[in-house]
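Asks: Fold the following.
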Amino acid sequence: MTTFHDLGLIEPLLKAVEEMGYLEPTAIQNMAIPAILSGQDVQAMAQTGTGKTAGFTLPLLQQLAPFANTSMSPAKHPVRALVLAPTRELAIQVEESVKNYSKHLSLKSCAIYGGVNIQEQIKLLQSGVEIVIATPGRLMDHVSQKTIQLSQVSHFILDEADRMLDMGFIPDIKKIVALLPLQRQNLMFSATFSDEINRLAKGILNHAVQLQSAQRNTTAASVVESFYLINEHRKKELLVELFLQSKGTQAIVFTNTKIDASKISQSILREGIKCDALHGDRSQRERIDILDKFKTGQIDLLIATDVAARGLDIEALPLVFNYDLPSVAEDYIHRIGRTGRAGSLGQAISFVTESDRRLVSAIEKLTTNHYELKSGEAILHKPSQEVIETPSRNLSQKSSYLTASIDKKPREIPALLKNFNLEG
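Replies: So this is what the prediction gives:
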């Protein structure tokens, strides 16, 4: 078994990792940490929840450790590393990771993103920080106001590059790259790499080593996937029924529109379930407050749109619902990647209407899985102990981690079923 010590990490980082309770590195960390420490440019493909943030944060901090100091002079803390993230939430979470792992190093960091007063961020930058985690739009604001100096950046990290493409940030990224010193290390992380992303990589990376911790366009073997055929007007009833069976479990529920997220949240609240909606119409302060409540257990169900949920990093989330199937099959992989993370087991439940069958076919084509459509109407009439007994995925096709048939429970996941009170 490989340990973090085996990867060559310095003692302050090993101490921080141990204090956070991590015992052994994940697959992407095993590959990325040595490659980054060697100074190579890296293009890594890793799905959400595989530990990719620590995969670049730990070696980055080790490379910056020689510059750590306790001086109060801003000149002693120039920006040496720039991390670009597609969303405010992801920027905040990456910075939390940086702070957690650097607690025994005298390095300063900050996250800069839109939706909040820029003056507070300017003060932080003026005080001196070695590591800046930024969204592209707000970083360009600081560049235009000349409130950030990038001339000493030696490490550039592009996180969730595929989402950058989806959200139209590529022109901004190219402008930002043009402002950086030519001599620097470049890292690119993404859940998938399209041809367009690969073209972007060629313009940024130099002789990069390519790393891949999961087969392209696959769902994690640690996620039990279930698909229920249900009429549109009974989706909420099925959601409540299945969620109540989880008994104490938290879940994210994905919808395709902001209006639906709000309506569903209000309806679920009337059922006595603690929930809230996370979407683009909520203010930044509201979004942060909702996420904090969800992380601390004050909210049980988080009803979210894809854009609002991008970059969410909720540890040990056991359950994800697709109230609406996404119109783009790749989004299905991103959604269910919120559960079954870093080796833990998870459950992904998707609702399918008759008109959604083509979307299921697209997901099957992308993932090379076959999914059984089970009857949601039948679930609503079953005794509670019979609910969610078998996954919809034909797991025998590609994974021995989970083995199931239609008439018996997966052999390898009794603990997960017990957590959901589903052992019958």
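
Asks: All the helices of the stretch 251-400 of the chain, in order from the start?
Replies: Listed in chain order, the helices of the stretch 251-400 of the chain (DSSP state H, counting those that start in this stretch) span 258-269, 284-295, 306-309, 329-336, 357-367, 376-379.

Asks: what's the spacing between residue 85 and residue 160?
Replies: 7 Å (Cβ to Cβ, to the nearest Å). (Glycine included, C-beta is placed from N, CA and C.)

Asks: higher neighbour count, these two?
Replies: Neighbours of residue 85 and residue 160, each counted by other Cβ atoms under 10 Å, are more numerous for residue 85; the result is 27 against 24.

Asks: any idea how far the closest residue to the more buried one other than its chain neighbours is from residue 53?
Replies: Once flanking residues are discounted, residue 85 sits nearest to residue 91: 4.3 Å by Cβ to Cβ, 6 or more residues apart in numbering. Distance, residue 91 to residue 53, using Cβ to Cβ: 11 Å.

Asks: Repeat that for residue 264.
Replies: 30 Å.

Asks: Who has more neighbours out of those two?
Replies: Taking other Cβ under 10 Å, residue 264 and residue 53 do not tie; residue 53 has more neighbours (25 against 21).

Asks: Now the more buried one. Nearest residue, chain neighbours left out?
Replies: residue 97 is the one closest to residue 53 (Cβ to Cβ, 6+ apart), at 4.9 Å.

Asks: which stretch of helix or strand covers the one you found?
Replies: Using DSSP states H and E, residue 97 sits within helix 88-101.

Asks: Same check on residue 148?
Replies: Applying DSSP H and E, one finds residue 148 in no helix or strand.

Asks: now swap in residue 53 and tell me
Replies: Going by DSSP H and E, residue 53 is in helix 52-64.

Asks: That helix: what's the following helix or strand?
Replies: Downstream of helix 52-64 (by DSSP H and E), the next one is strand 81-84.

Asks: Sheet partners, orientation included, of that next one?
Replies: strand 131-134 (parallel), strand 155-158 (parallel) (DSSP bridges).

Asks: So what's the model's average confidence on stretch 181-188?
Replies: In this model, stretch 181-188 has a mean pLDDT of 97.

Asks: any residues touching that stretch, and which ones?
Replies: 36, 39-44, 56, 63, 150-158, 161, 201, 204-206, 208 (Cβ atoms under 8 Å, 6 or more residues apart in numbering).

Asks: how far off helix 52-64 does the strand or helix carrying residue 189 point, in degrees?
Replies: Per DSSP H and E: residue 189 is located in strand 185-190. Relative orientation of strand 185-190 versus helix 52-64 (axes from the mean of the first three to the mean of the last three Cα atoms, to 10 degrees): 170 degrees.

Asks: buried sites along the following helix or strand past strand 185-190?
Replies: Going down the chain from strand 185-190, the next helix or strand is helix 195-204, by DSSP H and E. By 16 or more other Cβ atoms under 10 Å, the buried positions in helix 195-204 come out as 197, 200, 201, 204.

Asks: Mind giving me the packing neighbours of the helix holding residue 53?
Replies: On a contact count with 3 or more Cβ pairs under 8 Å, 6 or more residues apart in numbering; DSSP states H and E, helix 52-64 meets helix 11-19, helix 27-37, strand 42-45, strand 81-84, helix 88-101, strand 155-158, strand 185-190.

Asks: helices or strands up against the fifth one?
Replies: Contacting helix 88-101 under the criterion 3+ Cβ pairs under 8 Å, 6+ apart are the following elements: helix 11-19, helix 52-64, strand 109-112, strand 131-134, helix 284-295.

Asks: I'd like to know which of these is closest to residue 371.
Replies: Residue 371 lies closest, by Cβ to Cβ, to one member of the helices and strands packed on helix 88-101: helix 52-64, at 26.8 Å.

Asks: Sketch out the low-pLDDT regions of the stretch 301-424 of the chain for me.
Replies: 307-316, 342-343, 382-424 (pLDDT under 70).

Asks: now with 50?
Replies: 384-389, 394-424 (pLDDT under 50).

Asks: which residues of it fall in strands?
Replies: 301-304, 319-322, 346-352, 373-375 (DSSP state E, counting those that start in this stretch).
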